[in-house]
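Visitor: the sequence isn't on hand, but the structure is:
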């Protein structure tokens with residue numbers, strides 16, 4: 001019985017030593033990869049920010065485009081809630097109109113693609129039916 005217990009203790013201790021070595025090797029490997037990988041985050045973020053700003057500025061609507069513009073407009077109409085609600089209503093209507101225009105354009109393109117696919121499918125079926 002003592003022999004069985006001592007063998008189990010030896011097995012468990014060798015298992016724990018093996019796990020410690022594996023963990024150490026894992027940490028060393030991850031550290032090596034992190035230190036030797038060339039990653040440049042700053043350059044990518046600047047280009048993305050510039051592209052987003054360009055797309056935002058292309059929109060010719062009179063609505064505020066940034067949070068700063070939104071807050072500035074809110075400060076200008078701070079004393080008169082009626083005027084603020086009127087501006088919000090007008091800007092919301094403009095936003096929905098702009099969204100609707102994009103939706104209609106997308107729906108028309110999708111409908112055209114579906115029509116083209118249906119025509120192509122009909123041609124394929126008619127070619128298979130003819131002997």
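Guide: Looks like it came in fine. Not measured: the values here are computed from a predicted model. Numbers count the residues shown, from 1 in each chain.

Visitor: ok, then the element right after the helix-or-strand element of the chain with minimal mean pLDDT?
Guide: Ranked by mean pLDDT, DSSP states H and E, the helix or strand of the chain with the weakest confidence is helix 41-58, at a mean of 68. Using DSSP states H and E, the helix or strand that follows helix 41-58 towards the C-terminus is helix 67-76.

Visitor: what's next to that following helix, contact-wise?
Guide: Contacts of helix 67-76 with the rest of the structure, by C-beta atoms under 8 Å, 6 or more residues apart in numbering, involve 64, 84, 87. C-betas here are computed from N, CA, C, even on glycine.

Visitor: how about the second one: what's its closest non-neighbour residue?
Guide: So that's residue 84. Nearest residue to residue 84 in three dimensions, chain neighbours excluded: residue 77, at 4.1 Å (C-beta to C-beta, 6 or more residues apart in numbering).

Visitor: quick one: the one you found and residue 83 touch, right?
Guide: Yes - if you go by C-beta atoms under 8 Å, residue 77 and residue 83 touch, sitting 4.9 Å apart.

Visitor: between these two, which is the more surrounded one?
Guide: Remark: of residue 77 and residue 83, residue 77 carries more neighbours, 15 against 12, as counted by other C-beta atoms under 10 Å.
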